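1. Quick one, what's the 3D model for this:
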Amino acid sequence: QVQLVESGGGLVQAGDSLRLSCAASGRTVSSYAVGWSRQAPGKEREFVATINWSGSTKGYADSVKGRFTISRDNAKNTVYLQMNSLKPEDSAVYSCAARAYASVRVGDYDYWGQGTQVTVSS
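-> Numbers count the residues shown, from 1 in each chain. The predicted structure follows:
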């Protein structure tokens, strides 16, 4: 079992950048694929990005493709989400989650962090 803790959220202006971190404890994160998803108030959770255990395979939602980059440092037991050119519609609670294989379906993930708030002002 792995425990996940997100950090790096905050309040930024449109066009700014943020880097979210997902730190793992317990079992090493290199055993898992990790995905990022987000949920805005009153909306369903939305897939954002996923990365397989080695970092060789990545996937993105169309809404963030070209602006967000997922990466991982297995030596640091951490997965990152670099978010550039942020828009107000990117505002949400961002959560990371882990499972054996990368997936674009948020319901597939087994282990979840508590989330970190990202707010983008116009």
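
2. beta partners of the residue nearest the centre of the chain?
-> When Cα atoms, centre = their mean is applied to the chain, the residue found nearest the centroid is residue 36 (2.7 Å). Under DSSP bridges, the beta-bridge partners of residue 36 are residue 49, residue 96.

3. cool, and residue 18?
-> residue 83.

4. ok, back up a step: who's in contact with the residue nearest to the centre of the chain?
-> By Cβ atoms under 8 Å, 6 or more residues apart in numbering, residue 36 lies in contact with 20, 22, 48, 49, 50, 70, 79, 81, 94, 95, 96, 97. The way it works is simple: take the backbone N, C-alpha and C, and place the C-beta from them, glycine included.

5. Residue 11 versus the last one, what's the distance?
-> According to Cβ to Cβ, to the nearest Å, residue 97 and residue 11 sit 24 Å apart.

6. Can you pick out the residue with more neighbours from those two?
-> More crowded of residue 97 and residue 11, by other Cβ atoms under 10 Å: residue 97, with 24 against 12.
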